[in-house]
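K.L.:
Predicted model follows, preceded by the sequence.
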Amino acid sequence: MGGGNTTPSVTALLCLGELWGGRAPPLQGTRPKPSIRADRGLTVPKGSPVTIWCQGSPQADVYRLYKVGGSGFWEAEAPQDSSNTAGFPFESLSSYDAGRYQCAYHSGDGWSGRSDPLPLVVTGMYRKPTLSAHPGTSVSWGEKVTLRCRSEIWLDTFHLSKEGSLTLAQSLRLQEAATPIQANFTLSPVTSAHNGTYRCYSSQSSSPYLLSQPSDPLELLISGEDAGPGAPGPDPRAALGWGGSEGVTEGGKELSEGWKKPERLPCPTIPTLVPGVQPCSWGAEEG
């Protein structure tokens, strides 16, 4: 699937045009729309395998996968089990495969609507940036820390991720070319929820689904105790860069709504269909 050497291997998988069996591709169907997820999480390294899963109805007989903006689709027969889920495997991701995907299913004499879009982000397209903490990696509870992501080459967008999170914490876009090429992610006030391992990525705003290699990991340690029971404290979502956290960069602006406006970044949890696989599904509607 995708460009070059990528070949899907699901049962009865076909790359088709705009018609199948005389029926037009679904846009707005009367059946409940399916859910869509990827088995590798938010970002996938270039050259790695990944499978996109589409969960529909017990009555589904055919599933389709669409790349948003593309003219064709891939098709797979419904599996003969109780998962109500069809998989579309990518054997080796390339830059061609990056983008947003939707799926739909056919049952009876009609199609469902298309799922919400799923972003597929490919990393490893540029050299890795460096990530540092100021004033340091050990910070007292309630204080402020700035995580600085710096690139050796001109890339205008920077992304911060926290290990274990299904979202990118923050994304910042530079407004003008300047040196050093960097973005400052400010977390304030910090709590124990900010403890963890961080990495950052860089990218071009014109190619929002193609990211650099990840920076080396940075371990952030928060010392001290949180507020006691009943005492008000910072929004726990601050650990993901929402609520209490603030994105600041010289000559830049925060892109907290996702890769590019008006897309949204949060990834709600859906039931795991494959043992050991963490699902990821996005809720932003097609704009």
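P.N.:
Arrived safely.
K.L.:
was I right about residue 215 contacting residue 127?
P.N.:
No. Taking contacts as Cβ atoms under 8 Å, residue 215 lies outside contact range of residue 127: 10.3 Å. (Each C-beta comes from the backbone N, C-alpha and C, glycine too.)
K.L.:
okay, those two: which has more neighbours?
P.N.:
Taking neighbours as other Cβ atoms under 10 Å, residue 215 and residue 127 compare with residue 215 leading, 23 against 12.
K.L.:
Which secondary structure state does the more buried one sit in?
P.N.:
coil (DSSP: H, G, I helix; E, B strand; the rest coil).
K.L.:
The closest residue to it other than its chain neighbours and residue 38: what is the separation?
P.N.:
Of all residues not flanking residue 215 in the chain, residue 131 sits nearest, at 4.1 Å (Cβ to Cβ, 6 or more residues apart in numbering). Computed as Cβ to Cβ, to the nearest Å, the residue 131 to residue 38 distance reads 25 Å.
K.L.:
for residue 95, same thing?
P.N.:
Taking Cβ to Cβ as the measure, residue 95 falls 17 Å from residue 38.
K.L.:
Looking at these two, which has the bigger crowd around it?
P.N.:
residue 38 (25 against 16).
K.L.:
pLDDT score assigned to residue 109?
P.N.:
Note on residue 109: pLDDT of 82.
K.L.:
and if you look at residue 42?
P.N.:
71.
K.L.:
That one - how many residues pack around it?
P.N.:
Residue 42 has 20 neighbouring residues, counting by other Cβ under 10 Å.
K.L.:
what's the answer for the one 10 residues further on, then?
P.N.:
Residues lying near residue 52 (other Cβ under 10 Å) number 23.
K.L.:
Same question for residue 110.
P.N.:
By other Cβ under 10 Å, neighbour count at residue 110 equals 11.
K.L.:
Over to the one 4 residues further on?
P.N.:
Other residues within reach of residue 114 by the criterion other Cβ under 10 Å amount to 23.
K.L.:
One more: residue 219?
P.N.:
Other residues near residue 219 come to 12 when the count uses other Cβ under 10 Å.
K.L.:
Surely it touches residue 197?
P.N.:
Yes. If you go by Cβ under 8 Å, residue 219 and residue 197 touch, sitting 5.5 Å apart.
K.L.:
And residue 174, how far from residue 129?
P.N.:
13 Å.
K.L.:
Show me the common contact partners of those two, please.
P.N.:
Here residue 174 and residue 129 have residue 158 as joint contacts, going by Cβ atoms under 8 Å, 6 or more residues apart in numbering.
K.L.:
Which of these two has more residues huddled nearby?
P.N.:
For residue 174 versus residue 129, the count of surrounding residues by other Cβ under 10 Å is larger for residue 129: 26 against 22.
K.L.:
Confirm for me that that one is in contact with residue 215.
P.N.:
Yes. With contact defined as Cβ under 8 Å, residue 129 reaches residue 215; the gap is 5.0 Å.
K.L.:
can you list residues touching both of these two?
P.N.:
Common contacts of residue 129 and residue 215, defined by Cβ under 8 Å, 6+ apart, comprise 149, 200, 201.
K.L.:
C-terminal to the host helix or strand of the last one, what's the next element?
P.N.:
Using DSSP states H and E, residue 201 sits in strand 196-203. The element immediately downstream of strand 196-203 (helix or strand, assigned by DSSP H and E) is strand 218-223.
K.L.:
What residues sit buried inside that next one?
P.N.:
By neighbour count on 16 or more other Cβ atoms under 10 Å, the buried set for strand 218-223 is 218, 220, 222.
K.L.:
Tell me which residues of stretch 188-197 come out buried.
P.N.:
Within stretch 188-197, the residues that count as buried by 16+ other Cβ under 10 Å are 188, 189, 190, 191, 192, 193, 194, 196.
K.L.:
Let me fix that, I meant to ask about stretch 71-85.
P.N.:
Buried residues in stretch 71-85, counted by 16+ other Cβ under 10 Å: 73, 74, 75, 76, 78, 84, 85.
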